[in-house]
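Chemist: Structure, please.
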Amino acid sequence: MDYIDLPPSFIYKAKTDISDFPISVDQSLEREFFNLLKRRPFIHESEDAPQYVLAIYNNACYICRLIVLEKNPTLYLKKYMKIASDNHKDILWGNHMLPATMALVYNWIRTELFKSAQSFYSGIHEEERKEFIEDVLNTFQDWDLKGASIGKEDFYGLIIDTNLHKTHMGDCDFDMRDIKEIIESPDAYPIDIVKGIDYILDLISDGLYDTKAESICYLLRMQYFYENNIYVGLDHNSNRALMKIKELIKQLEAKPSKEEKPELSFLTPLDYAQTDDTYPQDSQMGEKDIEKEKIEIADSNYDEETETLYLNNNSNNTNKGSKKKRTGRPKAKPFEEYIKKDAPEGFMHVLVEMMEGKKGKDAALIIKACTGYWIDSPENKSVVDRFPSVKSTSYNNAMGNPTLFSSEQIDNVRKEFELKLKRK
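Modeler: Have a look, this model is predicted:
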């Protein structure tokens, strides 16, 4: 799919301060680039330099995330450059911000971080990486012939020797955001959810939520969202989206399930007042006062014979008393129970140390390195419950991809683990 068509917030959450990037780390690529960027005339001579520098780093990081998601990033180079120029906003953005941003993208793609046989999700393979780098260079080689010689100087003046300066960004910095976390966040933009509804519905169909009750709960909220026009300015695709939501609810309700009643406690943007103070209005959208009636899901019951889920919104439902309630969600087996009896002393201590702050792909690599040696293959939920920093969606994606990690990557982590165990 073309990930550029998704709302940018689905891919990358822009940082608000340049210090959020590792520009203060000595000998880092990010610091060296920052030092070179400060000396470029369009930055050095501008009173708006702080926001220009931050925009360059944010846009470059967003573009790199798009690159690792696409199987053929070279085909999207023109679109990446459009992002780098803020849709060709003006001469400054087109002649200076664009080449500076693409120079940072070029530097990052050349680092060791992107040289693995298959990086991240779809994987930017070695041949694709080299082809992309070559195409970026070719793009700026003849800029002086097109009357943009200063822009060409900006690009080549920001190229860094990646053998001398290593990146201090990690895999997680270029991972796609956890969609479930985004759509349930109180600061999620309703307009982004409207624009990305097809993608969200596809993820729900593929099992975004752990139980179908959670899926239906979210879908009912979105149905209410569309039917009541809670956010003004919904386009002509609203009816199509609403029909798709209703159809997916029917499919899920008809699907046999053995799952227990979940705790329907998560919140979506519908649970928050959508005012101008909270959400920026789209330039094409007018103002409208909306008195929102909360959707209340009073009961979530199962038919004992058919295991069909009933979501009752009517407190006067006459069938309510004839259904038996089941409470609670099936608990995952504690992670500690997967540890092998012959695991060395101090194993759990080292694992906790190595898993600290890890999420998604990084966490999955460590678990895969331990599996079969010191632990039996654990359920994903057991890992997520034990290590809070792990994000379930990105972790599940990584664990479900058998070709994501090379045997060399797994062996290296295992050796590092063994070395730490010896020191304990």
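
Chemist: Quick check: residue 209 touching residue 219?
Modeler: No - using C-beta atoms under 8 Å, residue 209 is not in contact with residue 219, being 9.8 Å away. Placement of C-beta: from N, CA and C, glycine included.

Chemist: Domains in the chain, by residue range?
Modeler: Listed by automatic domain parsing, the domain ranges of the chain are 3-170, 179-275+289-322, 335-423.

Chemist: how far does the shortest one sit from the chain's center?
Modeler: In other words, domain 335-423. How far domain 335-423 lies from its chain's middle: 21 Å, per C-alpha atoms, centre = their mean, to the nearest Å.

Chemist: Same check on stretch 2-19?
Modeler: The answer for stretch 2-19 is 9 Å, by C-alpha atoms, centre = their mean.

Chemist: Under the pLDDT cut-off, which ranges of this structure? List them.
Modeler: 1, 113, 115-125, 144-148, 171-172, 186-189, 229-238, 256-331, 391-392, 424 (pLDDT under 70).

Chemist: Spatially central residue in it, please.
Modeler: Nearest to the mean C-alpha position of the chain, by C-alpha atoms, centre = their mean, lies residue 177 at 1.2 Å.

Chemist: and it, helix, strand or coil?
Modeler: With DSSP: H, G, I helix; E, B strand; the rest coil as the basis, the three-state label of residue 177 is coil.

Chemist: my guess is it meets residue 10, correct?
Modeler: Yes - with contacts counted by C-beta under 8 Å, residue 177 reaches residue 10, the gap being 6.4 Å.

Chemist: Dump the domains of the chain to CSV, plus mean neighbour count.
Modeler: CSV is the format used below for the domains of the chain (neighbours: other C-beta atoms under 10 Å):
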stretch, mean neighbour count
domain 3-170, 17
domain 179-275+289-322, 16
domain 335-423, 17
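
Chemist: Can you read off the backbone torsions of residue 371?
Modeler: Main-chain dihedrals, residue 371, degrees, to the nearest 10: phi -70, psi 130.

Chemist: OK, contacts around it?
Modeler: Contact analysis of residue 371 by C-beta atoms under 8 Å, 6 or more residues apart in numbering lists 377-378.

Chemist: ok, now how distant is it from residue 401?
Modeler: The gap separating residue 371 from residue 401 is 15 Å, by C-beta to C-beta, to the nearest Å.

Chemist: Show me the strands in the stretch 51-200 of the chain, by range?
Modeler: Taking DSSP state E, counting those that start in this stretch as the test, none of the stretch 51-200 of the chain falls into strands.

Chemist: the helices in it, which residues?
Modeler: Using DSSP state H, counting those that start in this stretch, the helices assigned to the stretch 51-200 of the chain run over residues 77-84, 91-92, 98-109, 126-141, 149-156, 179-183, 190-195, 197-205.

Chemist: I'd like to know which of the ones you listed lies nearest to residue 34.
Modeler: helix 98-109 (9.7 Å; C-beta to C-beta).

Chemist: Any chance you could list what contacts that closest one?
Modeler: Contacts to helix 98-109, defined as C-beta under 8 Å, 6+ apart, come from residues 29, 33, 37, 40, 42, 55-57, 59-60, 63-64, 67, 80-81, 84-85, 114, 124, 129, 132-133, 136-137, 139-140, 143, 151-152, 154-156, 158-160, 162, 167, 169.

Chemist: If we use 6 Å, what do you get?
Modeler: Contact with helix 98-109 is made by 29, 33, 56, 59-60, 63-64, 81, 84-85, 136, 151, 154-155, 158, 160, as judged by C-beta atoms under 6 Å, 6 or more residues apart in numbering.

Chemist: Name the pair among those residues with the greatest separation in space.
Modeler: 29 and 85, at 22.8 Å, using C-beta to C-beta across the contacts of helix 98-109.

Chemist: how close does the residue nearest to the centre of the chain sit to residue 239?
Modeler: Distance, residue 177 to residue 239, using C-beta to C-beta: 29 Å.

Chemist: Ok, residue 103 next?
Modeler: Note on residue 103: its distance to residue 239, by C-beta to C-beta, is 45 Å.

Chemist: With residue 369 instead?
Modeler: Computed as C-beta to C-beta, the residue 369 to residue 239 distance reads 50 Å.
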